[in-house]
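Visitor: My questions concern the predicted model and sequence given below.
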Amino acid sequence: MMANLFSSFDPSTNFNLSLNWMSSLIGLFIIPPMFWLIPSRLSMIWNKIIMTLHKEFKILIGFNNTQGSTLLFISLFSIILFNNFLGLFPYIFTSTSHMVMTLTLALPLWLSFMIFGWINNTIHMFAHLVPQGTPPILMPFMVCIETISNIIRPGTLAIRLSANMIAGHLLMTLLGSTGPSLTFIMIYLLLITQILLLILESAVAIIQSYVFTVLSTLYSSEVN
């Protein structure tokens, strides 16, 4: 029984178990092992998606710095996409709606980029703090602004993903809770609205995983 609207985002709401965090790995278990061995239409579509992402990430990172880098970002895209889609099923905990999960993905990436950049490309990192063409009088302010915008990057990545996942789920929960008090005609309209919202949430699940990965790719290209 949910105590309030936000209880659906509490890991201990369903069955009073912390095992709801297992939903972040359940996507790997529901894929049959034969998917990787026997070619099928589904595996061909997934391979096509992976190759498209590989080509796009290779352009964003740079052709000279792609030694296995795209595999990291494709894996990141896959795990976020699986978790976003699993959150659309009933009684499955949406792990990507929690800052614990999104910050765990964003913070190590950003920190590793910063450490790599400041150790290997120190002059290049200093040059990024002052955009080209900045008047000398504005340089101290631009350094402060660029430093702050750089520091908040993992937070903005994490908040963007979790907020978008929370917003759609909350809207569907709010509309669904009005069902018992509606007439038959309004219930039909509500069902149509919920189906349209579910389609929208499916699109949001793909878009947000893509945006998270592309922004991480762009941040990594800045330190090279």
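Guide: Yep, that arrived.

Visitor: okay, and for the protein, where does confidence drop off?
Guide: Within the chain, the ranges that satisfy pLDDT under 70 run 1-19, 27, 32-36, 63-67.

Visitor: So in it, which helix runs the longest?
Guide: Counting by DSSP state H, the longest helix found in the chain is helix 184-222.

Visitor: so how far is Lys48 from the residue sitting nearest the centre point of the chain?
Guide: Nearest to the geometric centre of the chain sits Ser209, at 4.0 Å (C-alpha atoms, centre = their mean). Ser209 is 17 Å from Lys48, where distance means C-beta to C-beta, to the nearest Å. For glycine as for every other residue, the C-beta is placed from the backbone atoms N, C-alpha and C.

Visitor: so who does the closest residue to Met165 other than its chain neighbours touch?
Guide: Nearest residue to Met165 in three dimensions, chain neighbours excluded: Ser97, at 4.2 Å (C-beta to C-beta, 6 or more residues apart in numbering). Each residue near Ser97 by C-beta atoms under 8 Å, 6 or more residues apart in numbering is listed here: 9, 87, 162, 165-166, 169.

Visitor: redo that, cut-off 10 Å
Guide: Applying C-beta atoms under 10 Å, 6 or more residues apart in numbering to Ser97 gives the contacts 8-9, 83-84, 87, 161-170.

Visitor: Do you have the helices of the chain handy? List them.
Guide: Per DSSP H, the chain carries helices over the ranges 23-29, 41-61, 69-86, 99-120, 122-128, 139-151, 153-177, 184-222.
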